[in-house]
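Student: Here is a sequence together with a model predicted from it:
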Amino acid sequence: MANYVICHGAWSGGWSWKKVRGLLNSAGHEVVTPTYTGLGERAHLAHPMIDLETHIQDVLGAIQYEDLRDFILVGHSYGGMVVTAVADRVPERVRHLVYLDAFVPGDGQSLASLAGKGHPAASIDEWLIVPNPPSPDTSTEDLAWILPRRRHQPARCFSQPVRLTGGSAPSFPRTYVHCTNKIGNDVFRQFADRFRDDPAWRFHAMDASHSPNITAPEALAALLLALA
């Protein structure tokens, strides 16, 4: 049995991993999908001072209070910012770190600095950022599920730089999964290009749009099970 800690993307929540969570549970694995403060079922807690560090602490708190160890840590999209700091602070608890079409920051980098022009985070003039539109291949049924549940996200989550300890190279394996079925600018290609041939990383190209937890849950679950 494996344990998974899955950190969701922006504007989302643990709810968005319901399909994949069920598949992993059915295979006998434990799955924790914390929802960040101000989003999902915790949207009533939103306020202008919520930032990236708030969300890092959300996940560290779940790990501490659930006493989670030897887990596969997965970060999707914005969740890559979160898991980078989490793995940096509790490396002894992580079995495998997986970035799913996610941002991979270095010390002092923010999502806004990595996203570049064209991303909502690149031009912040309000404290809440409107969600990106769903992937074009999202089914009508899934749109009816996700659209009422997505929430605006506090801007500080995107503008605050991540702070890392700068310690030694991690002892656990790291995997980057690049979703290749996207239209227009692909902000995550920069990370795919960096890690595709890096011997310190494992790399997978997935024929899916940006949120396979919604649009391709079976294929994503199979990949995550293989990593276990």
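Tutor: Ah, there it is.

Student: Tell me who's in contact with the closest residue to residue 7 other than its chain neighbours.
Tutor: Nearest non-adjacent residue to residue 7, counting by Cβ to Cβ, 6 or more residues apart in numbering: residue 79, 3.6 Å away. Yep, even glycine has a C-beta here, placed from its N, CA and C like the rest. By Cβ atoms under 8 Å, 6 or more residues apart in numbering, the contact list for residue 79 reads 6-9, 100, 102.

Student: any chance of those in a markdown table, with neighbour count and pLDDT too?
Tutor: Converted to a markdown table, the contacts of residue 79 look like this (neighbours: other Cβ atoms under 10 Å; pLDDT from 0 to 100):
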| residue | neighbour count | pLDDT |
| --- | --- | --- |
| 6 | 27 | 98 |
| 7 | 31 | 98 |
| 8 | 27 | 98 |
| 9 | 26 | 98 |
| 100 | 30 | 98 |
| 102 | 26 | 98 |
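
Student: Just these: which are in strands?
Tutor: Among the contacts of residue 79, the ones falling in strands (DSSP state E) are 6-7, 100.

Student: Show me what the longest helix along the chain is packed against.
Tutor: Secondary structure assigned by DSSP state H gives helix 52-65 as the longest helix of the chain. For helix 52-65, the elements it packs on are strand 3-7, helix 79-89, helix 156-159, judged by 3 or more Cβ pairs under 8 Å, 6 or more residues apart in numbering; DSSP states H and E.

Student: now the strands for this structure?
Tutor: Secondary structure of the chain (DSSP E): strands at 3-7, 30-32, 71-76, 94-100, 128-129, 153-154, 174-179, 202-206.

Student: Nearest to residue 113, out of the ones you listed?
Tutor: In terms of Cβ to Cβ, the element of these nearest to residue 113 is strand 128-129, at 15.2 Å.

Student: still on that earlier bit, of the ones in strands among the contacts of residue 79, closest to residue 90?
Tutor: residue 7 (13.2 Å).

Student: quick revisit: go through the helices and strands packed on helix 52-65 and find the least confident stretch.
Tutor: When mean pLDDT is averaged over each of the helices and strands packed on helix 52-65, helix 156-159 scores lowest at a mean of 94.

Student: ok now it, how far from the chain's centre?
Tutor: 15 Å (Cα atoms, centre = their mean, to the nearest Å).

Student: can you check stretch 49-67 too?
Tutor: The chain centroid and the centroid of stretch 49-67 are separated by 14 Å under Cα atoms, centre = their mean.

Student: which residues are contacting that stretch?
Tutor: 5, 7, 32, 34-38, 68, 71, 81-83, 85-86, 89-90, 93, 110-111, 154, 156-162.

Student: Kindly recompute the last result at 7 Å.
Tutor: The contact list for stretch 49-67 (Cβ atoms under 7 Å, 6 or more residues apart in numbering) reads 5, 7, 32, 34, 36-38, 81-82, 85-86, 89-90, 93, 154, 156-157, 160, 162.

Student: thinking again about what came up before, would you mind giving the contacts of residue 79 as JSON lines with distance to residue 225 added?
Tutor: Shown next, in JSON lines, are these (distance: Cβ to Cβ, whole Å):
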{"residue": "6", "distance to residue 225": "13"}
{"residue": "7", "distance to residue 225": "18"}
{"residue": "8", "distance to residue 225": "19"}
{"residue": "9", "distance to residue 225": "21"}
{"residue": "100", "distance to residue 225": "14"}
{"residue": "102", "distance to residue 225": "19"}
